[in-house]
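A.B. asks: The following block contains a protein sequence and its predicted model.
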Amino acid sequence: MKVFFDTTAFVKRYVDEPGSYEVIKICRQADLLILGIICLPEMISTLCRLVREEKISAKDYRQIKRQVLKEIETIEICSLSPEVIKRAIGCLENNSLRAMDALHLGCALIINPDLFVSSDTRQILAANKEGLTVLKL
């Protein structure tokens, strides 16, 4: 099974929150994990915010970051390409999305995964509309 995670879902692999168990289970079952190129910077941004909000410690941040950087080596990364940008623009024109969410969708539409996993309601609606098989966490 080929699974594409957006950042809102993939971060649950490393930070215990609702949906974390499901993400870990999907990761174990998947033959191929795919992320958009923007996922890692968004994850670091999320983790830094969690440190500022004192929801995780600076030590936890460093440990999670090390783990993410190690594991990212085994995950397929979808780069930005003219076709991804074209698909993202189409998603923006046809849905109520933020630019980064449209880039995730543009990547997923090019990759054509068996499953698109997200926790973002607007992105999930757009992914459904674009014909992706979606799991909302």
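C.D. replies: Structure's in. What do you need? Numbering: from 1, shown residues only.
A.B. asks: The residue in the chain sticking out farthest from the centre is in what secondary structure piece?
C.D. replies: In the chain, the residue that sits farthest from the middle, by CA atoms, centre = their mean, is Lys59; the gap is 23.6 Å. Here Lys59 sits within helix 58-71, counting by DSSP states H and E.
A.B. asks: Does anything pack onto that helix? Which helices or strands?
C.D. replies: Using 3 or more CB pairs under 8 Å, 6 or more residues apart in numbering; DSSP states H and E, the elements in contact with helix 58-71 are helix 39-52. C-betas here are computed from N, CA, C, even on glycine.
A.B. asks: got the buried residues for the helix it packs on?
C.D. replies: Residues 39-40, 42-44, 46-47, 50-51 are the ones in helix 39-52 that count as buried (16 or more other CB atoms under 10 Å).
A.B. asks: same check, this time on stretch 96-104
C.D. replies: 97, 100-104.
A.B. asks: okay, the residues you listed in TSV with secondary structure, distance to Pro113 and pLDDT next?
C.D. replies: Listed next are the buried residues of stretch 96-104 as TSV, based on DSSP: H, G, I helix; E, B strand; the rest coil; distance: CB to CB, whole Å; pLDDT from 0 to 100:
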residue	secondary structure	distance to Pro113	pLDDT
Leu97	coil	18	96
Met100	helix	18	95
Asp101	helix	16	96
Ala102	helix	17	97
Leu103	helix	15	97
His104	helix	11	97
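A.B. asks: Just flag the most distant two among the buried residues of helix 39-52.
C.D. replies: Pairwise distances across the buried residues of helix 39-52 peak at 18.7 Å for Cys39 and Val51 (criterion: CB to CB).
A.B. asks: What residues sit buried inside stretch 125-134?
C.D. replies: Result for stretch 125-134 [16+ other CB under 10 Å]: buried residues 126-127, 130, 132, 134.
A.B. asks: residue boundaries of the strands in the protein?
C.D. replies: Secondary structure of the chain (DSSP state E): strands at 2-5, 32-36, 76-78, 115-118, 134-136.
A.B. asks: mind listing what's buried in the first one?
C.D. replies: Just to be clear, that refers to strand 2-5. Of the residues in strand 2-5, those buried (16+ other CB under 10 Å) are 3-5.
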